[in-house]
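> 3D, please:
(one chain, ligands or ions: 3)
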Amino acid sequence: MARRRRRRRAGSGVAGDPLVARLRGIVGPVQVLTDAEMRASYETDWTRRFGAPSRAVVRPGSADEVASVLAACNEARVAVVPQGGNTGLVGGSVPRGGEVVLSTKRIAALDEMDPVTAQVIAGAGMTAAALNELASPYGLRLGVDLASRDSATIGGMAATNAGGINVLRYGMMRAQVGGMEVAFADGSVVSRMSGVGRDNTGYDLPGMIVGSEGTLGVVTALRLRLVPVLPSRAVALLAFDSLEAAIGVALNARNEVADLQAAELFFATGLELVLKHTGLAAPFTERWPFYVLLEAASRMDAASGLADALVNAAGVRDSALATEARDRMRLWAYRERHTESISSVGVPHKLDVALPLGRLREFVERVGPLLSDLSENAMPILFGHIAEGNVHVNVLGFEEDDERPDDAVLRLVASLGGSISAEHGVGVAKRKWLELTRSAADIAAMRAVKDGLDPGWIMNPGVILQRHAG
Ligand code: FAD
Ligand code: 2HG
Ligand code: ZN
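Ligands and ions are numbered 1, 2, ... in the order given. Alright, predicted model coming up:
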């Protein structure tokens, strides 16, 4: 399943490829990339674990062009991999070999900004950071925030139902989507963009496209609900020597800090890698095994609510509180720079899982020994969004193709009643383990949807589902 990138020579056979000629006719010759060097960045994923050569990379500039590209590929029965910012972490945004990559990067225009309803309409290829920059003069921003904000597109975030750091306050991407335009494999385009507050006319197609990871259609535009930019922000970093205390304080904060918008957990192993990679000074004079980061935001004085709630928090061994932007960013860096720091030392197996809150501690305590039993080189690094029990288990020390760590961790998660796919998606990385938490009837229903909307299985085949089971 996981594969090392094997590059072949540029555009072999492309000169006479009738599909490539047709795609050039649709989007213009410059927007169809066949040269290996030009295609390279579209063919390897962020983790460096997934990717293979594509047939071509096509960069349409409008929904109509997307629809025509899909219709052409459908007729030719050539698979299409939709791609936004290519920051996905489960191998769903890059080819497995020979597909057409459909990049949405050129479909990134702002269509409408409505400060009265606090909604925006924009092209699917707009990045989260660009959207926030456009919304900021109106005192608004996207309710989902994540460390990949500069590259991740709103289309990709909808396609993966992205979560990030503010889910406990604003929900995941599905909660932000107020309307959607989507192109299907047969070249049809469905637009549900009215923004009417109550509309239950039939099936919720946009709701189903959210989280479908490019397997049902290509999102071309979105109407998104925005949230206010809250000017007063405070971040607390807390150190613990007991996991139970760390989890307890973080979960209590959800009830006790009215303006809480983030609650994150990380561990000494991850912090050490971050310090080494970034050169940041350690947050405290002493090293502690467990760290919780809390952020509150409000119109006025977020700090006092946070500080009051923490005054009697049990088991806190050291703490830092920051209100100025530079200080807040420094505390956040200890948490947000985990992903790049891990990547700087190897290619990890990334297992984005969620546990029922009551089983979180048991999971954290069992997962390390479980991996050590598999290999003495196992190096698990855990961190995540603790309010929803979302743990990012990154495992170093195993070959890329060795599925044992994935299998062991996902089985443990399932046995504890958790989810094997919390916010990054299933992609190709976890497809094999779908049955752990989805029944045969459930998978059959998903297949029926896939068969109905994409009968030729050209939309990102192999992501979430394999055409022929197994
Ligand atoms: P891509 O990576 O290009 O694609 C992801 C999937 O969506 C693929 O299956 C692709 O086929 C499909 N897709 C993309 N665009 C479309 C479209 N327009 N229509 C249909 N399908 C499409 N994720 C989180 O949820 N929370 C986090 O906190 C978080 N933090 C991250 C931090 C870092 C440093 C990195 C590198 C990644 C992080 N991610 C996080 C993962 C990633 O950023 C998200 O999954 C993001 O939503 C992907 O957006 P993208 O535009 O890069 O999509
Ligand atoms: C985060 O929360 C992202 O920082 C990335 O979801 C997680 O690298 C990871 O495993
Ligand atoms: Zn995350």
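> Which elements pack onto the helix or strand containing V367?
The secondary structure element spanning V367 is helix 360-374 (assigned by DSSP states H and E). Under the contact criterion of 3 or more C-beta pairs under 8 Å, 6 or more residues apart in numbering; DSSP states H and E, helix 360-374 touches helix 243-256, strand 379-385, strand 390-396, helix 404-415. C-beta here means a position set from N, CA and C on the backbone, and glycine is covered the same way.
> Can you tell me which of these is nearest to ligand 2?
Checking the helices and strands packed on helix 360-374 against ligand 2 by C-beta to the nearest ligand atom gives strand 390-396 as the closest, at 3.5 Å.
> contacts for the closest one?
163, 167, 265, 338, 342, 345-346, 348-355, 360, 363-364, 367, 371, 378-384, 405, 409, 422-423 (C-beta atoms under 8 Å, 6 or more residues apart in numbering).
> and if you look at stretch 344-355?
Counting by C-beta under 8 Å, 6+ apart, the neighbours of stretch 344-355 from elsewhere in the structure are 47-49, 89-90, 273, 277, 342, 363, 381, 388-398, 400, 405-406, 409-410, 413, 416-424, 429-430.
> Let's see that with 7 Å instead.
Under the criterion C-beta atoms under 7 Å, 6 or more residues apart in numbering, residues 47-49, 89, 273, 277, 342, 363, 388-396, 398, 400, 405-406, 409-410, 413, 416, 418-424 lie in contact with stretch 344-355.
> are any of the contacts of strand 390-396 buried, and which?
163, 167, 265, 338, 342, 348-355, 360, 363-364, 367, 371, 378-384, 405, 409, 422-423 (16 or more other C-beta atoms under 10 Å).
> residues making contact with the one helix or strand E37 maps to?
Counting by DSSP H and E, the element that carries E37 is helix 36-43. Counting contacts by C-beta under 7 Å, 6+ apart, the residues outside helix 36-43 that touch it are 7, 9-10, 33, 51-54, 57, 83, 86, 94-95, 101, 103.
> residues contacting Y170?
By C-beta under 7 Å, 6+ apart, the contact list for Y170 reads 143-144, 227.
> Up against ligand 2, what does the stretch 351-470 of the chain have?
Within the stretch 351-470 of the chain, the positions near ligand 2 by C-beta under 6 Å from any ligand atom are 352, 392, 394.
> TSV for those, including distance to G248?
Output for these, formatted as TSV (distance: C-beta to C-beta, whole Å):
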residue	distance to G248
D352	24
H392	21
N394	24
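> Take the residues you listed and lay them out in TSV including distance to ligand 1.
As requested, those are exported to TSV (distance: C-beta to the nearest ligand atom, whole Å):
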residue	distance to ligand 1
D352	8
H392	8
N394	12
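> Which of the three states applies to the residue in the chain positioned nearest to ligand 1?
With distances taken as C-beta to the nearest ligand atom, the chain approaches ligand 1 most closely at G156, which sits 2.2 Å away. Of the three states, G156 takes helix according to DSSP: H, G, I helix; E, B strand; the rest coil.
> G214 versus that one, what's the distance?
With distances taken as C-beta to C-beta, to the nearest Å, G156 is found 9 Å from G214.
> got it, and Q466?
Remark: distance between Q466 and G214 (C-beta to C-beta) = 15 Å.
> neighbour-wise, which of these two wins?
G214 (28 against 14; other C-beta atoms under 10 Å).
> which ones are touching that one?
G214 makes contact with 81-82, 92, 159, 459-460, 463 under the criterion C-beta under 7 Å, 6+ apart.
> Tell me the one among the residues you listed nearest to ligand 2.
Using C-beta to the nearest ligand atom, G92 is the member of those that lies nearest ligand 2, at 14.5 Å.
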